[in-house]
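Enquirer: Sequence isn't available, so here's the structure alone:
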């Protein structure tokens, strides 16, 4: 009888622990997803994809749990761009999807989300696989276009042997609030950089090389992502 009592007590305790976790998970899944205020689509490599492809990339992105969780911080915007680590040959390519809140959330911070999708077939860039996501937050630091371009220029200049570009390329960066977007085609060496004018910081950076091997530079360093499909 005593054993049965202990089994009942243990079962009750386990249920008290598991039930709230299960409830919170169900709430998370059922919570309404908030669409971004703006979705910006880059105009790089237009010969490879059209607006329908860009929309499909976003439709795949917004189904991720990371995006559902991120959307709860408040109003946010999204930028989607295609990046070829190797150009001039069939090499490894990715979609970058970056998101930033447009104002500080309840914790007083600007929140950011970066997502990478692998392109499985360069002839069909709709065929993608989730690679990795990066989440972060920073203090609000409204940055002017001039200072944002300066930040990108300093980022490029910190290692000219790796980035193969002079800091003057930062002048080509275009603002799509709150993002500052720089794309330099890899002829022979190129780069994609996206920074956040709400924080003054770089969100993602990657190099591309014509028939070579570009690197993911930030938010983590991964060398030689150009040759073949990884």
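Expert: Looks like it came in fine. Note that the structure is a prediction, hence the values are computed from the model and not measured. Residues are numbered from 1 along each chain as shown.
Enquirer: And stretch 185-205, what's buried?
Expert: Applying a neighbour-count criterion of 16 or more other CB atoms under 10 Å, one finds 186, 189-205 buried in stretch 185-205. In short, each C-beta sits where N, CA and C put it, glycine included.
Enquirer: which is the next helix or strand following the helix or strand of the chain with the lowest mean pLDDT?
Expert: Lowest on mean pLDDT, DSSP states H and E among the helices and strands of the chain sits helix 2-30, with a mean of 47. Once the chain leaves helix 2-30, the next helix or strand it forms, by DSSP states H and E, is strand 38-41.
Enquirer: what's downstream of that next one, the next helix or strand?
Expert: That would be, after strand 38-41 and using DSSP H and E, helix 51-61.
Enquirer: quick one: average pLDDT of that next one?
Expert: On average, the pLDDT along helix 51-61 is 93.
Enquirer: Moving C-terminal from it, which element do we reach first?
Expert: helix 65-70.
Enquirer: Check which helices and strands that following helix sits against.
Expert: Helix 65-70 sits against helix 2-30, strand 109-119, strand 128-139, with contacts defined as 3 or more CB pairs under 8 Å, 6 or more residues apart in numbering; DSSP states H and E.
Enquirer: Tell me which residues of whatever helix or strand comes next after the last one come out buried.
Expert: Just to be clear, that refers to strand 128-139. Counting by DSSP H and E, the element after strand 128-139 in chain order, helix or strand, is helix 145-157. For helix 145-157, the neighbour count (16+ other CB under 10 Å) marks 148, 149, 150, 151, 152, 153, 155, 156 as buried.
Enquirer: for the fifth one, what are its contacts?
Expert: Think residue 152. 167, 170, 173, 180, 182, 193, 195, 202 (CB atoms under 8 Å, 6 or more residues apart in numbering).
Enquirer: Could I get the residues you listed in a markdown table, plus columns for pLDDT, distance to residue 79 and secondary structure?
Expert: Shown next, in a markdown table, are the contacts of residue 152 (pLDDT from 0 to 100; distance: CB to CB, whole Å; DSSP: H, G, I helix; E, B strand; the rest coil):
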| residue | pLDDT | distance to residue 79 | secondary structure |
| --- | --- | --- | --- |
| 167 | 86 | 22 | helix |
| 170 | 92 | 17 | helix |
| 173 | 94 | 12 | coil |
| 180 | 98 | 10 | strand |
| 182 | 96 | 12 | strand |
| 193 | 96 | 12 | strand |
| 195 | 98 | 11 | strand |
| 202 | 97 | 13 | strand |
